[in-house]
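[1] give me the fold of what follows.
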Amino acid sequence: MKQKNKNHDRVSRRTFMGSTIAAAAAFTVVPRHVLGQGRQAPSDKLNIAGVGVGGMGNGNINNCKNENIVALCDVDSKYAGRTFEQFPKARQWKDFRKMLDGQKEIEAVVIATPDHAHAIVALEAMKRGKHVYVQKPLTRTVGEARILTQAARKYKVATQMGNQGHSGDGVRDICEWIWAGVIGEVKEVHAWTNRPVWPQGIKERPPAQPVPDTLDWDLYCGPSPLRPYNEAYHPFKWRGWWDFGAGALGDMACHVLDPVLSALKLKYPMSVWACATEVNDETFPLASVIRFEFPEREEMPAVKVNWYDGGMKPPRPDELDDRRDINQASSNVLFMGTKGVLRCGEYGDNPQLLPYSRMRDFVNNKPPQTLERIKTSHEGNWIQACKGGKPATSNFDYSGPFTEMVVMGNLALKRLGKKLLWDGENMKFTNDDEANKYVLLPARKGWELKL
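    Numbers count the residues shown, from 1 in each chain. You can find the predicted model right below:
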């Protein structure tokens with residue numbers, strides 16, 4: 001289905017107001033098919049802005065560099081300096097709201113801020129009719145993810161979450177193998193990561209430090225409560241703090257659990273349970289184990305999905321011979337089937353059957369490919385959707401419910417040791433009113449999410 005441009009206050013760049021102007025333009029604007037050899041006509045380029053361009057956003061923007069990068073926004077001009085230098089023609093901003101209102105030509109926005117700002121930036125962009133690409137995790141809370149999913153439908157824009165493995169072949173291979181019954185029924189999954197690789201388990205806030213001249217700290221805090229600045233939060237270590245990040249689970253589960261969600265056709269869990277090292281109100285715990293339970297669906301049995309971080313791992317499967325490490329990569333998945341085990345790396349990479357004797361025979365007898373492969377980058381897949389192509393592979397109808405599941409695991413840490421029963425359609429826990437307080441956290445005044 002083609003995406004529609006929702007900016008009704010101006011006409012499309014491809015359309016001119018009168019036939020006379022259009023006729024004149026035909027001599028100066030070259031259609032893409034005339035150029036040939038895959039080259040892109042200037043009139044076909046998308047006007048893209050970046051918000052949060054100092055870290056991962058730099059890579060995202062560079063993967064869009066064949067389009068028109070017209071605006072770059074970051075609360076820290078020093079941290080974003082490399083990206084500013086790479087795109088000197090882009091107008092520079094600190095406040096994304098002023099950027100969106102000040103540059104009407106913006107058509108699409110790439111968002112790679114810390115997690116706590118994802119929802120507000122994406123929502124404000126979509127409300128103005130802009131397509132959005134949002135780094136994983138899509139949001140920090142369950143309620144924010146539901147709001148962004150609803151907003152994408154309401155404003156009819158092209159969306160993509162930045163879990164780039166979802167555009168890779170590995171996830172599709174795993175789906176085809178499991179759907180063909182190669183390992184039988186899957187009733188349990190184990191997934192783990194080497195994160196955190198930043199400080200967590202910190203109980204006290206660090207002392208106040210002078211705010212660097214290049215940083216707008218109030219804008220950085222955004223919807224989260226304003227606190228004194230300390231270099232412990234910015235630019236990298238924010239992931240471990242409840243107010244800014246989503247911990248190890250938020251950082252990696254949108255990659256690691258992606259093939260699990262896709263292959264097992266999961267949506268809302270019916271319960272979640274967590275155990276962990278000591279939990280406090282400032283930072284995520286040093287290590288945790290989280291279990292999601294899903295009901296039967298589409299002729300698949302009920303399944304338990306187990307998450308481990310901070311050095312925790314599942315039991316070693318009997319199907320893995322003694323010579324091999326249980327770690328295939330820095331993050332890993334084990335699909336425990338009734339006819340064998342399938343394992344893969346953090347992006348669905350390098351899927352393998354266990355025991356390995358099965359894999360040797362399987363190489364030349366794989367099930368037929370039934371899923372379309374993505375021929376571009378993850379960002380390129382989104383750009384195609386922005387220009388009227390098929391919906392992007394990790395659009396919010398997929399990544400919104402996925403994110404709800406992921407960050408629900410963090411919510412369970414707040415109710416440690418209790419099995420929380422979840423009503424996904426109504427977005428509430430049915431056995432714990434206290435847990436429902438964490439489904440959507442209050443935002444600082446002026447930063448509320450309003451559809």
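[2] so residue 119: helix, strand or coil?
    Classification of residue 119 by DSSP: H, G, I helix; E, B strand; the rest coil places it in helix.
[3] in space, what's closest to it - neighbours in sequence excluded?
    residue 144 (3.9 Å; C-beta to C-beta, 6 or more residues apart in numbering). C-betas here are computed from N, CA, C, even on glycine.
[4] the closest residue to residue 268 other than its chain neighbours and residue 122, how far apart?
    Using C-beta to C-beta, 6+ apart and skipping the chain neighbours, the partner closest in space to residue 268 is residue 424 (2.5 Å). Applying C-beta to C-beta, to the nearest Å, the value for residue 424 to residue 122 is 22 Å.
[5] so those two - more neighbours on which side?
    Neighbours per residue, other C-beta atoms under 10 Å: of residue 424 and residue 122, the larger number sits with residue 122, 30 against 16.
[6] who are the contact partners of that one?
    Applying C-beta atoms under 8 Å, 6 or more residues apart in numbering, we find residue 122 in contact with 109, 111, 132, 134, 138, 148, 151.
[7] let's see that with 6 Å instead.
    111, 132, 134, 148 (C-beta atoms under 6 Å, 6 or more residues apart in numbering).
[8] where does the last one fall, secondary structure wise?
    Using DSSP states H and E, residue 148 sits in helix 142-155.
[9] list the neighbouring strands of the following helix or strand past that helix plus their orientation.
    Using DSSP H and E, the helix or strand that follows helix 142-155 towards the C-terminus is strand 159-161. Strand 159-161 has its sheet partners listed here by DSSP bridges as strand 131-134 (parallel).
[10] how deep is residue 451 tucked in, by neighbour count?
    Quick note: residue 451 (other C-beta under 10 Å) scores 11 neighbours.
[11] and the pLDDT for it?
    Residue 451 is assigned a pLDDT of 93 by the prediction.
[12] same deal with residue 241?
    98.
[13] tally of neighbours for it?
    Burial measure for residue 241: 25 neighbouring residues, criterion other C-beta under 10 Å.
[14] same question for residue 388.
    Residue 388: 12 neighbours (other C-beta under 10 Å).
[15] okay, now the unreliable bits of this structure?
    Applying pLDDT under 70 to the chain picks out residues 1-43.
[16] contacting residues around the residue nearest the centre of the chain?
    The centre of the chain sits closest to residue 136, judged by C-alpha atoms, centre = their mean, with a distance of 2.4 Å. Counting by C-beta under 6 Å, 6+ apart, residue 136 touches 161-163, 254.
[17] show me where the stretch 151-300 of the chain has helices.
    169-179, 217-221, 247-256, 258-263 (DSSP state H, counting those that start in this stretch).
[18] can you check which helix is longest in the protein?
    For the chain, the helix with the greatest residue count under DSSP state H is helix 396-413.
[19] list of residues touching that one?
    137-139, 141-142, 145, 148-149, 152, 159, 161, 246, 249, 253-254, 261, 267, 269, 272, 274, 276, 279, 290, 420, 438.
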